[in-house]
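Colleague: Next come a sequence and a model predicted from it.
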Amino acid sequence: MTSKKQRVFRFAPSPNGYLHLGHAYSALLNFDLARDCGGRFLLRIEDIDRGRARPEFEAAIYEDLAWLGLDWERPVRRQCEHFGAYARALERLDEMGLIYACDCKRSDIARATAAQAHWPRDPDGSPLYPGTCRTKPRRPAREVLAKGGVALRLDMRLASTLAGRGLTWREFGDVSPSLRGGVVDEAIQARTHSSGLLRCARNDGEGTAIAADPAQWGDVVLARKDTPASYHIAVVVDDALQGVTDVVRGKDLFEATSLHRLLQHLLGLSAPNYLHHDLIMDEKGEKLAKSVASTALRALRTRGWTPADVRRRIGL
């Protein structure tokens, strides 16, 4: 009788601000699930954007998570220490003829797409790249990144053709019939009522197969000189290298999973199971975010909050 593969969960914050209750929810959920399953819990520091990452924010991440009662494996993987791994992934895509240099600015893209009132936009709301540089002579990825002001884009049409149809991922949350943006968090029920969504004894065939739609992202930027790998490249490489089996993250990244599945397929990387949980909202019904200075965990701690107070507030 063969033993089941040990489950591996991870929490991967960026050190560009202080953690808030939304981060606490995702971190605690991953930690609890790993503990309940006898699995592993990893902490990863996603600091590939060196222009925004700051040492004091990274130090605060460790402090806040320890205060919440979390423990994680050492050493912690820090993306800034693994640019070589991301460069090799880009070179592989380059060898497949799937990336090209682009020197268009945002203003160039805005002008090129403004003529059509209903120009398609990606899930983040940005206009899809019109392909201005797609037909220019292509140069090696290393050479492109050595030149300032130039980005590397994925040729989505070629990539999608190469991947073919039928690309899916397995989602262990409830999804709406449209399979778009309707993920409802049932992690708590899964843990306390053994609903089967995330229980350790689940079979590989469980969950919902979601059809990936990476084309909705268009020719995404995969690297720039100042940021030698995008979040999308780094996250799929990291998850594969760390053996992550379960990606439990906010439903704001639901659509990004289509792109991640495409990159995993192209690079021959393993595909984890996914659960996209609900987001923690503020009093106005807006999602918590560093960009709007949502109340930080350290501020709540100063006000006298305890880890138990945090768990009550977020429902864990």
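Modeller: Happy to help now that I have it.
Colleague: Let me know the next secondary structure element after the lengthiest helix in the chain.
Modeller: Using DSSP state H, we find that the single longest helix of the chain is helix 21-36. Sequence-wise, the next helix or strand downstream of helix 21-36 (DSSP states H and E) is strand 40-45.
Colleague: residues touching residue 34, list them.
Modeller: 7, 8, 9, 40, 41 (C-beta atoms under 8 Å, 6 or more residues apart in numbering). Backbone N, C-alpha and C define where each C-beta goes, glycine included.
Colleague: count of neighbours near residue 148?
Modeller: For residue 148, the count of nearby residues is 9 (other C-beta atoms under 10 Å).
Colleague: just residue 120 next, same as before
Modeller: That count, for residue 120 with other C-beta under 10 Å as the rule, works out to 11.
Colleague: roughly how far apart are the residue lying closest to it once chain neighbours are set aside and residue 121?
Modeller: Using C-beta to C-beta, 6 or more residues apart in numbering and skipping the chain neighbours, the partner closest in space to residue 120 is residue 128 (4.9 Å). For residue 128, the distance to residue 121 equals 6 Å [C-beta to C-beta, to the nearest Å].
Colleague: tell me the contacts of residue 212?
Modeller: Contacts of residue 212 (C-beta under 8 Å, 6+ apart): 167, 168, 169, 257, 258, 261, 262.
Colleague: Could you pull up the mean pLDDT of the longest helix of the chain?
Modeller: Helix 21-36 shows a mean pLDDT of 94 in the predicted model.
Colleague: Show me what counts as buried in that helix.
Modeller: 21-34 (16 or more other C-beta atoms under 10 Å).
Colleague: what's the farthest-apart pair in those residues?
Modeller: Across these, the longest distance by C-beta to C-beta is 20.3 Å; it joins 21 and 34.
Colleague: Would you map the strands across the chain?
Modeller: Per DSSP state E, the chain carries strands over the ranges 8-11, 40-45, 77-78, 99-102, 151-154, 168-171, 208-211, 221-224, 246-250, 273-277.
Colleague: So which elements touch the third one?
Modeller: It refers to strand 77-78. Contact analysis of strand 77-78 by 3 or more C-beta pairs under 8 Å, 6 or more residues apart in numbering; DSSP states H and E lists strand 40-45 as its packing neighbours.
Colleague: Of all the helices and strands in this structure, which has the lowest average confidence?
Modeller: One helix or strand of the chain scores below all others by mean pLDDT, DSSP states H and E: helix 187-193, with a mean of 36.
Colleague: Now do the same contact list for residue 150.
Modeller: 101, 102, 103, 144, 224, 225.
Colleague: what stretches of this structure score poorly on pLDDT?
Modeller: The chain contains residues with pLDDT under 70 at 1-4, 173-206, 282-294.
Colleague: Which segments of it make up each domain?
Modeller: Following automatic domain parsing, one gets these domains for the chain: 1-81+289-316, 85-280.
Colleague: Residue 122 contacts residue 219, correct?
Modeller: No - here residue 122 does not reach residue 219: they are 10.1 Å apart, not a contact under C-beta atoms under 8 Å.
Colleague: Compare neighbour counts for those two and give me the winner.
Modeller: residue 219 (22 against 16).
Colleague: so how far is residue 168 from that one?
Modeller: From residue 219 to residue 168 the distance is 22 Å (C-beta to C-beta).
Colleague: what about residue 50, how many residues close to it?
Modeller: Neighbours of residue 50 using other C-beta under 10 Å come to 13.
Colleague: and what of residue 254?
Modeller: 21.
Colleague: Likewise for residue 55?
Modeller: 9.
Colleague: residues in contact with the closest residue to residue 236 other than its chain neighbours?
Modeller: Distances taken as C-beta to C-beta, 6+ apart place residue 263 nearest to residue 236, at 4.8 Å, with adjacent residues excluded. Applying C-beta under 8 Å, 6+ apart, we find residue 263 in contact with 232, 233, 236, 269.
Colleague: repeat that for 10 Å
Modeller: 89, 93, 98, 154, 159, 163, 214, 220, 222, 230, 232-233, 235-237, 269 (C-beta atoms under 10 Å, 6 or more residues apart in numbering).
Colleague: again, but for residue 305
Modeller: Contacts of residue 305 by C-beta under 10 Å, 6+ apart are 21, 67, 297, 299, 312, 313.
Colleague: Tell me how many other residues crowd the fifth one.
Modeller: Neighbour count for residue 312, taken as other C-beta under 10 Å: 11.
Colleague: thought it was touching residue 24?
Modeller: No - the criterion here is C-beta atoms under 10 Å, and residue 312 misses it with residue 24 at 11.5 Å.
Colleague: Closest one to residue 14 out of the contacts of residue 212, please.
Modeller: Closest to residue 14, out of all of those and judged by C-beta to C-beta, is residue 257, at 18.2 Å.
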